[in-house]
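Novice: The following comprises the amino acid sequence and a computationally predicted model.
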Amino acid sequence: MLKQHTHMPVNVDGRDWFCGDLHGHYSLLMQALDRVGFNFERDRLFCTGDLIDRGPESAECVHLLLEPWFNSVCGNHECLFIVGRVDPKVQAMHIRNGGAWAYEITEQEREELFDIIRSEMCMTVYSQRGSIGVIHGQPPGDWHKVSYNFVPKEDWKEYLWSVNGYNRALSKRCTKVERVSAVVMGHVGCDYLTVGANQVWIDTVVRSGRLTVIESERVLTEVGNG
């Protein structure tokens, strides 16, 4: 099930963490969480989407959505998987982009994964220091456009697929997203954590082989909020 947005209240019991696109690397995630001392009883993890494809453990990554500590926005690879269910052209595109695994499992296994996938286009995670938006690709100039106003699914493409904001950040032309303290994104395949204005890109696993997991405090520090 896909929906547009979820507001996540302040975590008063533990810490909040953000991780880049998983792309089927469940084991790397578990290693990273162990490294940072993630508390599965009190902490929360927010992923930038693209749980599936390219890595060896896509199904295991989808099953993370059943865990109470794990949250993810929708990535363009999840969209390819979902739409490819009914559109052969999209299915072929999914296969070309690392999704062949999804058509090598049984139909029952595939249907079970469809039933589990329940992601938002975006989330707002609140902390004592500020609000952090999470979206896969391109945020709007005003965060309230997606967090408080309805966006038809046919208009989600820019938010899931665009790399324009990242390109502006690389050329030092990135502008601030209004009415949110910071925004965390994936999608672009960067070598290392990249910051532009109040935006942070953390999709490092495919390019570098390292999965980025950072705490909310660091996100806000990276963008100059405290």
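Specialist: Received the coordinates, thanks. All values reported here derive from a predicted model rather than from experimental measurement.

Novice: Chain neighbours aside, what residue packs nearest to Gly165?
Specialist: Excluding its sequence neighbours, the residue lying closest to Gly165 (C-beta to C-beta, 6 or more residues apart in numbering) is Gln138, at 5.1 Å. Every C-beta, even on glycine, is put in place using the N, C-alpha and C of the backbone.

Novice: Quick check: closest non-adjacent residue to the most centrally placed residue in the chain.
Specialist: The residue lying closest to the centre of the chain (C-alpha atoms, centre = their mean) is Thr48, at 1.2 Å. Among residues not flanking Thr48 along the chain, Gly186 sits closest, at 3.1 Å (C-beta to C-beta, 6+ apart).

Novice: all strands of this structure, in order?
Specialist: Ranges of strands in the chain, per DSSP state E, are 3-8, 16-19, 44-47, 70-72, 120-126, 131-135, 182-185, 194-196, 199-201, 213-215.

Novice: Quick one: closest of the ones you listed to Ile95.
Specialist: When the strands of the chain are compared by C-beta to C-beta, strand 70-72 sits nearest Ile95, at 22.3 Å.

Novice: so Leu64 makes contact with Met30?
Specialist: No. Judged on C-beta atoms under 8 Å, Leu64 makes no contact with Met30 at a distance of 10.0 Å.

Novice: Compare the two and say which one has the larger neighbour count.
Specialist: Ranked by neighbour count (other C-beta atoms under 10 Å), Leu64 and Met30 place Leu64 first, with 19 against 15.

Novice: Distance check, the residue nearest to Thr48 against Val200.
Specialist: Counting by C-beta to C-beta, to the nearest Å, the separation of Gly186 from Val200 is 10 Å.

Novice: for Arg207, same thing?
Specialist: Taking C-beta to C-beta, one finds Arg207 at 16 Å from Val200.

Novice: So for the two, which sits in the more crowded spot?
Specialist: Higher neighbour count among Arg207 and Val200: Val200, with 25 against 12, using other C-beta under 10 Å.

Novice: contacting residues around the more buried one?
Specialist: Val200 is in contact with Ala182, Val183, Val184, Met185, Leu193, Thr194, Ile214, Val219, Glu222, Val223, counting by C-beta atoms under 8 Å, 6 or more residues apart in numbering.

Novice: The same query, at a cut-off of 6 Å, please.
Specialist: Contacts for Val200 (C-beta atoms under 6 Å, 6 or more residues apart in numbering) come out as Val184, Val219, Glu222.

Novice: now Arg44
Specialist: Applying C-beta under 6 Å, 6+ apart, the residues contacting Arg44 are Asn11, Asp16, Trp69.

Novice: switch the cut-off to 7 Å
Specialist: Asn11, Asp16, Trp69, Asn71 (C-beta atoms under 7 Å, 6 or more residues apart in numbering).

Novice: same check, this time on Val62
Specialist: So Val62 contacts Leu51, Ile52, Leu113, Ile116, Ile117 (C-beta under 7 Å, 6+ apart).

Novice: What separation do you get for the residue lying closest to it once chain neighbours are set aside and Ile82?
Specialist: Once flanking residues are discounted, Val62 sits nearest to Leu113: 5.0 Å by C-beta to C-beta, 6+ apart. Separation of Leu113 from Ile82 (C-beta to C-beta): 10 Å.

Novice: And for Val125?
Specialist: 24 Å.

Novice: same question, Arg179
Specialist: From Arg179 to Ile82 the distance is 30 Å (C-beta to C-beta).
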